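> give me a 3D structure for the following:
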Amino acid sequence: MNLRIGKILGIPIKIDISWLVIFALIVFSLSGGYFRVNFPQLTPAMDWIGGILAALLLFASVLLHELMHSFVAQRNKLKVGGITLFIFGGVSQLMEEPMTPEIELKMALAGPITSLVLGVAILVALKYIGTSFGTLTAAILYYLGRINIILGVFNMIPGFPLDGGRVLRAVLWRSMNNLDGATRIASKVGQGFGYAFIFGGFWIMLAGQGLDGLWFVVIGWFLNNAAQQSYRQLVLRNALTGIDVHRVMTTDFPHVDPETNLNDFVHDYLLKYDYIAFPVSKNDQLLGMITVSEVREIPKEQWPDVKVGAVTKPVGEERTIDENDDAFEALMHMAQGNANRLLVVHEGKLKGMVTQESIISIVRTKLQLGM
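Sure, this is the predicted structure:
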């Protein structure tokens, strides 16, 4: 589940629900460990304030790291679907692969360079003017400087889809002149690093450092899964090359006339079809969407007298796709909006509906045929 918090440079910024977990853990570990041990002169209240501020600034740094990836992507005419902050940091969601290995290399290096420059700049500033900051501010900035350097270095591990793995893919792509082959090798290297972290974590746990070892195991599990998913995404993209939404959409789906009353809507649509939301249209013109929530807000005795059009809500961009858009873009659109179907709209007219299953079915068939 993602929570959208705004836009920067036209890029939607979202927070995955897992971010709240890691945020709480970081605040707890900083206030109860880092500040209390290294800065005993601070009061317990200041420890907690420092923990909250440091955690927020850490994720602001992660966001800046990802924004630099996205900025370089946009400068090279690549579409960025959004940035999501989650339990292990952040990820920029590209709607398409870079056109050349040189663009891939520039994009990959933009994030780590930003983190390293930021970290070094903060530590240098502390060295020369640290006495004027005050203890709490200096403690926060010292943590922020160190963690940004660690972030930059960690991301340069040559395991896809980390930034270092993307650098490796760019180099392999350049030498092999084959994006698929380069991605396959970089993904295998990423899985290798994932397994190394997992086994190393278990070894650390056996040595008696349970919490540290557990973190290594979790990071390794995440890296291994991310590497596999990144390669699967490339396979999907290749299988859907040249296939637009019009070819995979269905025109046989329920949509509601705005003059239908709520009582008929409940019995003829909600209780008949396995949907919780229905498009409302008149003469093929999409007017909006009606869901169970809108019906619940109206007393049952009023249902026969209330028209669907009176409670219809506008349809957000995240729920629609153009019939001429790429099928892979539709699939990514669904992933970003946590949806399994999209309304197909062209010039305001409702053309059909496309589902995850209809797109995956095409991919499955093409792979079975070796296409």
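> so what's I87 scoring on pLDDT?
Predicted confidence (pLDDT) for I87: 59.
> going forward, the N-terminal residue is numbered 163.
In the new count, where the first residue is 163, that last one comes out as I249.
> so what sits opposite the residue nearest to P174 when sequence neighbours are not counted in the bridge?
Spatially, and ignoring its direct neighbours in sequence, P174 is nearest to G244 (3.9 Å; C-beta to C-beta, 6 or more residues apart in numbering). No exception for glycine: its C-beta is placed from N, CA and C like everyone else's. Judged by DSSP bridges, the bridge partners of G244 are Q255.
> list the contacts of G244.
Going by C-beta atoms under 8 Å, 6 or more residues apart in numbering, G244 touches 173-176, 254-255, 498.
> swap in F427?
Here F427 is in contact with 418, 440, 452, 457, 470 (C-beta under 8 Å, 6+ apart).
> what is the nearest of those to Q518?
The closest of the contacts of F427 to Q518 turns out to be F440 (C-beta to C-beta; 18.3 Å).
> tabulate the CA atom coordinates of the strand or helix carrying the closest one in CSV.
In the assignment (DSSP states H and E), F440 maps to strand 439-444. Extracted C-alpha coordinates of strand 439-444, given in CSV (Å, rounded to 0.1, in the frame of the first residue of the first chain):
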residue,chain,number,x,y,z
ALA,A,439,-16.3,0.0,-8.7
PHE,A,440,-18.1,0.7,-12.0
PRO,A,441,-17.5,3.3,-14.7
VAL,A,442,-20.4,5.7,-15.3
SER,A,443,-20.9,6.7,-19.0
LYS,A,444,-23.4,8.3,-21.3
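> that strand: how far from the chain's middle?
Centre-to-centre, strand 439-444 and its host chain are 29 Å apart (C-alpha atoms, centre = their mean, to the nearest Å).
> may I have the secondary structure class of E421?
Judged by DSSP: H, G, I helix; E, B strand; the rest coil, the three-state class of E421 is coil.
> so how many other residues sit close to it?
Residues lying near E421 (other C-beta atoms under 10 Å) number 10.
> tell me the SS of I167?
Classified using three-state DSSP, I167 is strand.
> partner residues bridging the closest residue to it other than its chain neighbours?
Leaving aside its sequence neighbours, I167 sits nearest to I175 (C-beta to C-beta, 6+ apart; 5.3 Å). I175 forms beta bridges with G168, I245, as assigned by DSSP bridges.
> give me the next element, helix or strand, following the strand holding F440.
Toward the C-terminus from strand 439-444 - assigned by DSSP H and E - lies strand 447-453.
> which elements pack onto that next one?
strand 439-444, helix 470-473, strand 511-517 (3 or more C-beta pairs under 8 Å, 6 or more residues apart in numbering; DSSP states H and E).
> ok, back up a step: isn't the residue nearest to I167 right next to G168, touching?
Yes - contact criterion C-beta atoms under 8 Å: I175 and G168 qualify, at 5.4 Å.
> more crowded one of these two?
I175 (19 against 8).
> which residues touch that one?
Counting by C-beta under 8 Å, 6+ apart, I175 touches 166-169, 225, 244-245, 247.
> for those, which one is nearest R481?
R166 (13.5 Å).
> I'd assumed D178 was in contact with that closest one.
No - between R166 and D178 there is no contact, the gap being 11.1 Å when judged by C-beta under 8 Å.
> in terms of neighbours, single out the busier of those two.
Higher neighbour count among R166 and D178: D178, with 18 against 14, using other C-beta under 10 Å.
> roughly how far apart are the more buried one and R328?
21 Å (C-beta to C-beta, to the nearest Å).
> same check on K350?
In terms of C-beta to C-beta, K350 sits 14 Å off from R328.
> those two: who's more crowded?
Using other C-beta under 10 Å as the criterion, K350 and R328 rank with R328 on top: 27 against 14.
> low-confidence regions, the stretch 163-312 of the chain specifically.
163-164, 248-251, 292-295 (pLDDT under 70).
> what do you get for the stretch 363-512 of the chain?
373, 498-500.
> all helices of it, in order?
372-401, 407-410, 424-427, 454-458, 470-473, 489-498 (DSSP state H, counting those that start in this stretch).
> distance to N200 added to those helices, as JSON lines?
Conversion of those to JSON lines gives the following (distance: least, C-beta to C-beta, whole Å):
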{"stretch": "helix 372-401", "distance to N200": "18"}
{"stretch": "helix 407-410", "distance to N200": "56"}
{"stretch": "helix 424-427", "distance to N200": "62"}
{"stretch": "helix 454-458", "distance to N200": "50"}
{"stretch": "helix 470-473", "distance to N200": "58"}
{"stretch": "helix 489-498", "distance to N200": "40"}
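> hey, which of those is tucked in deepest?
Of all the helices of the stretch 363-512 of the chain, helix 489-498 has the most neighbours on average by mean count of other C-beta atoms under 10 Å, namely a mean of 21.
> which secondary structure elements does that helix contact?
Counting contacts by 3+ C-beta pairs under 8 Å, 6+ apart, helix 489-498 is packed against strand 242-248, helix 372-401, helix 407-410, strand 482-483, strand 503-508, helix 518-530.
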